[in-house]
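In: Just to be clear, the model below is a prediction. Sequence and coordinates:
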Amino acid sequence: SQELEQSPQSLIVQEGKNLTINCTSSKTLYGLYWYKQKYGEGLIFLMMLQKGGEEKSHEKITAKLDEKKQQSSLHITASQPSHAGIYLCGADPHFQGAQKLVFGQGTRLTINP
Amino acid sequence: NAGVTQTPKFQVLKTGQSMTLQCAQDMNHEYMSWYRQDPGMGLRLIHYSVGAGITDQGEVPNGYNVSRSTTEDFPLRLLSAAPSQTSVYFCASSYSSGGWGEQFFGPGTRLTVL
């Protein structure tokens, strides 16, 4: 079965600094979802990457998919307190759709003012 | 649209009790899923459905039952609650077009089994 490993598990950064979260798969990545979860709340969809080499950006968040490395990275530029939360990567292990995702364990991001 | 709604938000059960977690969506999504989230383990798939009348097991189905009689509703039943089922439960729905697309999550149900 496919497993996703996120690193680091937790991250504390000073407001304004850049940061990167990685998601590494044990098997071929057909596609990768990134979600953000605020403490005690549901998941908010950030981005979906489908093709190797694909890169998407939304506001100050950029995600890339490296199929050869079976890895995706999420980069936040000039972090703000609103970026704090838990970031989760999810993948479709059977290339059958978003209803059966496998998730990483999450990265807890804290932004210090 | 209300999106994906879940009730209740919080629940405390005693070992052996049964209960149903409710999930509804108003986006006419064919695909719906139930996940549980435990500390340090991310989300794990319990059951999923690709349409009314069609359900299948996920990674951790034991102790849970589901049914899908309508497109809108996908309840999760705990048959005989155990402390190991203490967790946060999330319901999600998504479009069916080719399977790819955003999965919308509900706000979660925090369940404690004593």
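Out: That came in fine, so what should we check first? Residues are numbered from 1 along each chain as shown, chains lettered A, B, ... in the order given.

In: what's the helix or strand bottoming out on mean pLDDT in chain B in contact with?
Out: Considering only helices and strands, the least confidently modelled element of chain B by mean pLDDT, DSSP states H and E is strand B:103-105, at a mean of 89. With C-beta atoms under 8 Å, 6 or more residues apart in numbering or on different chains as the test, strand B:103-105 has contacts from A:33, A:35, A:42-45, A:90, A:98-99, A:101, B:3-4, B:25, B:27, B:29, B:31, B:33, B:90-94. Where C-beta positions appear, they are placed from N, C-alpha and C, glycine not excepted.

In: is whichever helix or strand residue A:11 is part of anywhere near chain B?
Out: Assignment of secondary structure by DSSP states H and E places residue A:11 within strand A:10-14. No - using C-beta under 8 Å from any C-beta of the partner chain, strand A:10-14 stays clear of chain B, coming no nearer than 10.5 Å.

In: Work out the sheet partners of the following helix or strand past the least confident helix or strand of chain B and label each with its direction, please.
Out: Next helix or strand after strand B:103-105 toward the C-terminus (DSSP H and E): strand B:109-113. Strand B:109-113 has the following strand partners under DSSP bridges: strand B:10-13 (parallel), strand B:87-94 (antiparallel).

In: tell me which parts of chain A are close to chain B?
Out: If contact is defined as C-beta under 8 Å from any C-beta, the residues of chain A in contact with chain B are A:1, A:4, A:6, A:9, A:31, A:33, A:35, A:41-45, A:48, A:50, A:88, A:90, A:92, A:95-106.

In: Which parts of chain A are strands?
Out: In order along the chain, chain A carries the following strands (DSSP state E): A:4-7, A:10-14, A:19-25, A:32-37, A:43-49, A:55-58, A:61-66, A:71-76, A:85-91, A:102-103, A:107-112.

In: for the shortest one, packing partners?
Out: Contact analysis of strand A:102-103 by 3 or more C-beta pairs under 8 Å, 6 or more residues apart in numbering or on different chains; DSSP states H and E lists strand A:85-91, strand B:43-51 as its packing neighbours.
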